[in-house]
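**Student:** missing the sequence, but the structure's below:
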């Protein structure tokens, strides 16, 4: 994980699926958990989804709050 990845969670939108167009940081935990069980997509989006899953799973969403304010 790079520090820039946290900022990308707040800017990258989900490119497909039920939550298409929603910023990755705003995806619900159960949706992220589904990807964890079924497999994350390849590439940057998959890496960001996996990172967001770990943040959500460990109840660390508050870490993103200072970045949201910028």
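**Tutor:** Cool, the structure landed. Note that the coordinates shown come from a computational prediction; the quantities given were computed from them, not determined experimentally. Numbering: from 1, shown residues only.
**Student:** any chance you could read off phi and psi for the spatially most central residue of the chain?
**Tutor:** Residue closest to the average C-alpha location in the chain (Cα atoms, centre = their mean): residue 52, at 3.4 Å. The phi/psi pair for residue 52 (degrees, to the nearest 10) reads phi -70, psi -40.
**Student:** tell me which residues touch it, please.
**Tutor:** 9, 24, 25, 27, 32 (Cβ atoms under 8 Å, 6 or more residues apart in numbering). Glycine gets a C-beta too; all of them are placed from N, C-alpha and C.
**Student:** looking at it, residue 63 is touching residue 55, isn't it?
**Tutor:** Yes - assessed by Cβ atoms under 8 Å, residue 63 is found in contact with residue 55 at 6.7 Å.
**Student:** more crowded one of the two?
**Tutor:** residue 55 (19 against 11; other Cβ atoms under 10 Å).
**Student:** host element of that one?
**Tutor:** Using DSSP states H and E, residue 55 falls within helix 43-57.
**Student:** go on, residue 7?
**Tutor:** Going by DSSP H and E, residue 7 is in helix 3-9.
**Student:** so which bits of that helix are buried?
**Tutor:** Neighbour-count burial for helix 3-9 flags 6, 8, 9 (criterion: 16 or more other Cβ atoms under 10 Å).
**Student:** name the nearest residue to residue 18, sequence neighbours excluded.
**Tutor:** residue 31 (7.0 Å; Cβ to Cβ, 6 or more residues apart in numbering).
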